[in-house]
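> Following is a predicted model, sequence given first.
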Amino acid sequence: MSAAIAIAVLGTALSLNGVFRGWAWLVPAITTVCTVAMTLAALRALRAHSLLTTLGGLVSLAFILAFTFFRQQSIAGFVPAGETFDQFGKFLKRAGETLVSETAPVAPNAGIVFVACASLGLVVVLIDALAVPLGMPATSGLGLLAVLVFPATIKPQGAGLLGFLAAAIGFILILGCSQWFAPDSRLPTDNARGTGQLKRSMVIGAVALVLGLLLPLAIPGFERGTFPVGSRLNPWGVSNGLNPMITLGNSLRNPTGDGRITYATSSTAPVYLRSVTIDRFDGDTWAPDDREASRRLGPGRMAPDYPLPSDLVRQLTVVDTGQFTSPYLPVPYAPTAVNGLSGRWSWDPETLSIRAEDTNTRNQQYTVYSALPTLTSALLSQDNARPTSISQDFIQLPSNVPDIVKNTAKTVTAGANGNYAKAMAIQDYLRSSQFSYSLQAPVQGGYDGNGMSVLADFLEQKSGYCVHFASAMAVMARLAGIPSRIAVGYAPGHSTGVTVAVAGQEPLPEFEVDARDAHAWPELYFEGVGWVAFEPTPSRGVVPPYASEPASAGSPSTNLHDENLTPGSSTPQPSASAVPPLAGPGVGTGTSTGFGTVLYVVAGALLLAVMAASPRLVRSAIRARRLKPPRAGQIRSGGGAGPAPSGDGPALAWAELQDLATDYGIPPVPSETPRHFAARLRNSAVLGASAAALAGAADETAADNAGQQAVASLAGDFERQRYGPPGDPAANGAAEQANAAAARIVAVRAAFRRNASWIAVLRADWFPPSLMSRWFQLLWSPFHWLGGILAAAARRVAASSQRLFGSIRWRR
Amino acid sequence: MDSKRHGTVDEPLLRDEAVVALPPERETFNGHKPPVMDPAQFHAASEKILAAINKVIDGKAEAAKLALTVLLAQGHLLVEDVPGVGKTLLAKTLARTIDCKVSRIQFTPDLLPSDVTGVSIYNQSSRQFEFRMGAVFANIVIGDEINRASAKTQSALLECMEEHQVTVDGHSYQLAEPFMVVATQNPIEMEGTYPLPEAQRDRFMARISMGYPDKLSEIEMLETHQAVSPLAKVTPVVTSSDVAAMIASVQQVFVSQSVKEYTVALGRATRDSARLRLGASPRSLLQLLRAAKATAALDGRDFVLPDDVMSVAESVLAHRIILDRKAASSGDTPQSIIRAILGSLPVSQDAGAEHRGN
């Protein structure tokens, strides 16, 4: 039993795989769960009181946690001491920080693993307590669910099939074990009954499992709705990422669009708000590099390490972050000073990203002064030299760049001379009609996220969203020799129509962005100009004038004011200007559906009507066939060698009576004799036993009496036919007999109809239970068969394991 | 004759007669096959017997019917109940309603087997050993408090019950037909008794408990039985040849294949039940079916229904099965387990099945 619980919990814990990075957390989790489960089993084997067992489980949990995590601070390595609790508090705090600031997959630091192990151990104790002493094994599913909820809500891919399967199998195992071992021994262990229940629970479990797996596939539209595939409930607000690259997709898919940030700017165009940059492209997932060594405190005056041109456009932006929670401050590029922040903040002179030291961005109002050189394509074209004044970090690539990326970069930049031309070639390539913008495609294709392998997939599938476009451009730029980085933040968003008064300025137009405007874009370095933003993502953001193709000169100006800036434009629509042929799936299908829909509806309605009526039709057909008098040619006179075929008449009539009674709520019981059944029928209210006793209106009782007599004679005939000696002389008048039987059935039916409630009559007419149950049996028979096999296998496993354990105990 | 306290044998002497070996189907009655009674007569006769018994014993129609069933099925009856509920009265009434030879043995620890079966004594005048018949040479033998006699004596009676003959000094003596033993047993006061072993309990076709009468019956009993013994008024209503004919017609009752299957399934279910240490023996199933036939005949039918099997199953099987220790300690009784088995054993009555009886 405890083993089953341990297996169930561990199986469920497997689904935590995506929540933590790597598998390092698994070992402590396994030791914790196994230790607790074994303690519980041992205590139970010693026949300890059930309360004591649960307490023992908790104590063992405390010991194993102390042993795993606070070995130095504990007495004798595992008894928690005062210091342990201090450490415990620290761990909790750390875990809390991790929860607030990181998103899946998080690094498995001691704090969060500690919390995970502790909760898994608690779940084991809880399930054990529910399943064994309280005798409610079914409710133990709640504990498993509690474990399963975390990955389901946090992981971008959901809990995962494996975890779900493991949890379900573990749950069925718990149910099965609770039947086998009859933990209370309160019930006499009747084998037949035990296996019967086991079989039943196996069947139910298997059916539920199969349904749970098949239903989402069968029902169309399951991928949309409140939580489309890939978007998950995020209970802590939005985009709270240490690794914003991961959350970005989620934010974009979030249908509600919370985490609203408003800003008012003196810029002529709405600005990109940049939170952080990503410049190291190694490892499985790309993460911001905080460069702790070179960070400087106090963003009051900031200046980049690299040279800037002298003619800068200075801007002022007032930002209100509202509920947005992140350690990184969203600011327009390139900030020269930030005023009005609360808490300690630091900035990185190489990337100019601003990070909180002891606070976060929640409810911050601040003013950003930024400066940007006036960029023109002419200015950018001047630079062709290899950059010298910035760190090599921005040009380095890991060794594992997939070939497809290299080849693509080579082909795309083949004809271009100069860094700017190369950059434009890459951007044009990505914005070309080969690529489409899709939030769902990466999820379905399994390359949601980032990293080199994801990039390869993206270049193959040619469908993705800003993260993919931005990282593709950044990596390809480096391959072409241009320093690059990925900026993560917000696209300009849309105007609120409000102006904000700022001291010393004329009223500034206000804009707002929310989670749906989350964006990533590449920044490329040009010597003497600095970092320049590009926009390779089709249909998102705005393409800056300098980055627009001179050939398509008509579009850049309109692009600044296109629909992306109007309210409610968050849905990804192909913007008409830049990428005309980008047709989303589902756009083209709208026109041709008109007639088809009508056809479908009519066909569906017909099918529905037939389906609704079919039980009634089939039932009537069966009745007619049963009561049909045998054809003259079929009648052999009773003197023949074989039994008279008419002998089946009473049996058929009896079967009809049984079904009729079933339809009206009196199903026959297998252990009942015909006589018993008839007696029960005659005593039942539907045959008017009570009404007859009360002596109602004369005609009513007459009808009831007719029904009563009909039942009695039907039963008598059937008994004689079934149990009586063969060669019954009554068999001669087969046709007359059949007619009599039919008349009796009609009488019984009339009595039923009058005495039953109208609901029962309706049900008997349209959903005859006799038929429905038979159909269900037919439907379920494969499952029964499967369940039988499963139960047999499980029994064999249980028997062999019992033998094994038994021998071990004996040897000891 | 009721006043005899010890094993009493008050039967007339019979000349020893060599007896042919008993055929397995005991259809012989004094050497020739008895006529089969027609249904109407059968019904009338059985009604008369039951009415007579019910006149004496108030409110025990079920017990009376079962006793008659056992008689017609050629079985033996074990009546087990506390003292004073009319065990002996039932046995005696049944015996008196039939015009046949009745003997009664009061079992005591010092009763000898020869008291039951009979003994050969030397006749001085004829200078020969003569067989003096024991109490068992009667149509209905009432064995009172059978568990008080020693095992040896019990066995002597039980041998007679099974074989319908007595073997003394190398001679076999055929017992009268119909032959029925009605033994009573007191389940209280068990000290100093010799409880019937399982093997011997198996010889009795049915065991019944009288049970206390209901309130009205008890009041009526107080009124009617105050002055005179009701037994005195009982006069025979049928002759022993009538009974033989009735037995013969019971043997003619048809048993269909599905009823046989049901009976066998019932037996197997008792053997397979985890709550029973000992299930029903094949002999018990034979007796069960015979009792069912008698029930069917008493019900005026010439074929057996599963209902007939069900109605006698409890009485026929309950004293033969032995509970598992766990079941006994959890409050189950043999009766309750048989009821449970009957309640879960399916009766094949799906009309689609072919007529297996043919």
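Thanks, I have the structure now.

> what ranges do the helices span in the stretch 251-358 of chain B?
Assigned helices in the stretch 251-358 of chain B, in chain order: B:257-272, B:282-298, B:306-317, B:325-329, B:334-344 (criterion: DSSP state H, counting those that start in this stretch).

> Pipe these into TSV and attach mean neighbour count and distance to chain A per row.
No exception for glycine: its C-beta is placed from N, CA and C like everyone else's. Listed next are those as TSV, based on neighbours: other Cβ atoms under 10 Å in any protein chain shown; distance: least, Cβ to the nearest Cβ, whole Å:
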stretch	mean neighbour count	distance to chain A
helix B:257-272	18	6
helix B:282-298	23	9
helix B:306-317	25	4
helix B:325-329	14	6
helix B:334-344	18	5
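
> Low-confidence ranges, the stretch 151-300 of chain A, go.
Applying pLDDT under 70 to the stretch 151-300 of chain A flags residues A:151-164, A:176-202, A:204-205, A:209, A:211-259, A:283-285, A:287, A:290.

> Break the chain into its domains for me.
Using chain A. A:2-186, A:244-565, A:617-629+A:645-767 (automatic domain parsing).

> You answered for a different chain; I wanted chain B.
Taken from automatic domain parsing, chain B resolves into B:39-218, B:253-343.

> Show me how far the last one is from its chain's centre.
Going back to what we said before, that points to domain B:253-343. Relative to its parent chain, domain B:253-343 has a centroid offset of 16 Å by Cα atoms, centre = their mean, to the nearest Å.

> The longest one too?
Averaging C-alpha coordinates over domain B:39-218 and over its chain gives two centres that are 7 Å apart (Cα atoms, centre = their mean).

> tell me how far the ends of that domain are from each other?
Between the start and the finish of domain B:39-218 there is a gap of 35 Å, counting by Cα to Cα, to the nearest Å.

> Out of the domains of chain A, the one nearest chain B is which?
domain A:617-629+A:645-767 (3.5 Å; Cβ to the nearest Cβ).

> what's the longest helix anywhere in chain A packed up against?
Longest helix in chain A, counting residues (DSSP state H): helix A:769-811. Helix A:769-811 sits against helix A:191-218, helix A:593-627, helix A:648-663, with contacts defined as 3 or more Cβ pairs under 8 Å, 6 or more residues apart in numbering or on different chains; DSSP states H and E.

> For chain A, what's the nearest residue on the stretch 1-150 of chain B?
Distance from chain A to each residue of the stretch 1-150 of chain B (Cβ to the nearest Cβ) is smallest for residue B:39, at 13.5 Å.

> Next, count neighbours for the closest residue to that residue other than its chain neighbours.
Residue nearest to residue B:39 in three dimensions, not counting chain neighbours: residue B:300, with 6.4 Å by Cβ to Cβ, 6 or more residues apart in numbering or on different chains. Counted with other Cβ atoms under 10 Å in any protein chain shown, the neighbours of residue B:300 add up to 11.

> and if you look at residue A:451?
19.

> Would you check how far apart it and residue A:317 are?
33 Å (Cβ to Cβ, to the nearest Å).

> circling back to that earlier point, dump the domains of chain B to CSV, plus distance to residue A:272 and mean pLDDT.
Converted to CSV, the domains of chain B look like this (distance: least, Cβ to Cβ, whole Å; pLDDT from 0 to 100):
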stretch, distance to residue A:272, mean pLDDT
domain B:39-218, 96, 84
domain B:253-343, 77, 87
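
> Make TSV from the ones you listed and add distance to residue A:657 to it.
Converted to TSV, the domains of chain B look like this (distance: least, Cβ to Cβ, whole Å):
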stretch	distance to residue A:657
domain B:39-218	27
domain B:253-343	17
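
> So for residue A:802, which of the ones you listed sits nearest?
Among these, the nearest to residue A:802 by Cβ to Cβ is domain B:253-343 (17.7 Å).

> my guess is residue A:682 meets residue A:711, correct?
Yes - using Cβ atoms under 8 Å, residue A:682 is in contact with residue A:711, at 5.6 Å.

> Can you pick out the residue with more neighbours from those two?
Ranked by neighbour count (other Cβ under 10 Å), residue A:682 and residue A:711 place residue A:711 first, with 25 against 18.

> Need the three-state assignment for the more buried one.
Under DSSP: H, G, I helix; E, B strand; the rest coil, residue A:711 falls in the helix class.

> got it, and residue B:79?
Three-state call for residue B:79 (three-state DSSP): strand.

> and it, what does it touch?
B:87, B:90, B:91, B:182, B:183, B:184, B:185, B:207, B:208, B:209, B:210 (Cβ atoms under 8 Å, 6 or more residues apart in numbering or on different chains).

> what do you get if the cut-off is 6 Å, keeping everything else the same?
Residue B:79 makes contacts with B:87, B:184, B:208, as judged by Cβ atoms under 6 Å, 6 or more residues apart in numbering or on different chains.

> Pretty sure the second one sits against residue B:144.
This means residue B:184. Yes - using Cβ atoms under 6 Å, residue B:184 is in contact with residue B:144, at 5.4 Å.

> Report the set of residues contacting both of those two.
Both residue B:184 and residue B:144 are contacted by residue B:88, under the criterion Cβ under 6 Å, 6+ apart.

> just the strands in chain B please.
B:77-80, B:98-99, B:102-106, B:118-123, B:128-133, B:140-144, B:165-168, B:171-174, B:180-185, B:206-208, B:238-239, B:276-278, B:322-323 (DSSP state E).
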